[in-house]
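# need coordinates for the below:
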Amino acid sequence: MPFLAGQVVTAGQLERVQPKIYEGAATSALAVSTTTYADIPGATVTLDTAAANARFKAEAVFDANVTTVSGTNLMVGRLVVDGTPDSGGLAVYAMDTQDRATIAQQWTGTLPTAGSHTLKLQGACTASGSGAGSFLQSDTKIIVTVMEVV
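Okay, here's the model as predicted:
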């Protein structure tokens, strides 16, 4: 959205120039024992954009706690944007013993349409059927920055 010399700028245009920050912290733990992803309760951000093609940066921290001992434990977190898993990468941590770690990941992308959007975190645990763990409430969260100036 370029501003031209002599242009009268509206309050709505100025509002879109400023990046907006949203945060969604987990409200309870998510127990996981399979490779099937599940929503982490509360680690969700719902926001509205005024323009198509708004850019976002999502930053997440997953507080992972493995409660089994397995040489193949992988705690895996991902971002889901408007119901579609983001293809920009996973937050992965290999744990071979009972262990706890905070796993960070960042994603960037575009929200192609104006209107309401939901970005949320999901988690899973892979360990050949013998792994179990939790994404804990205490430190699991998502922070999303939206920039509507393209």
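# just the strands in the chain please.
According to DSSP state E, the chain carries its strands in the segments 20-25, 30-32, 38-49, 54-66, 73-81, 84-85, 91-95, 99-111, 115-126, 133-135, 141-147.
# Gly88 is in contact with Gly109, correct?
Yes. Counting by CB atoms under 8 Å, Gly109 does reach Gly88; the two are 6.7 Å apart. Using the backbone N, CA and C atoms, a C-beta is placed for each residue, glycine as well.
# quick one: low-confidence ranges for this protein?
Per-residue confidence for the chain (pLDDT under 70) gives these ranges: 1-2, 127-130, 150.
# repeat the analysis, applying 90 as the threshold.
The chain contains residues with pLDDT under 90 at 1-18, 33-35, 50-51, 66-74, 88, 93-100, 125-133, 138, 148-150.
# buried residues of stretch 136-148, list them for me.
Neighbour counts over stretch 136-148 (16 or more other CB atoms under 10 Å) mark 136-137, 140-144, 146, 148 as buried.
# measure it end to end?
Terminal residues of stretch 136-148 are spaced 32 Å apart (CA to CA, to the nearest Å).
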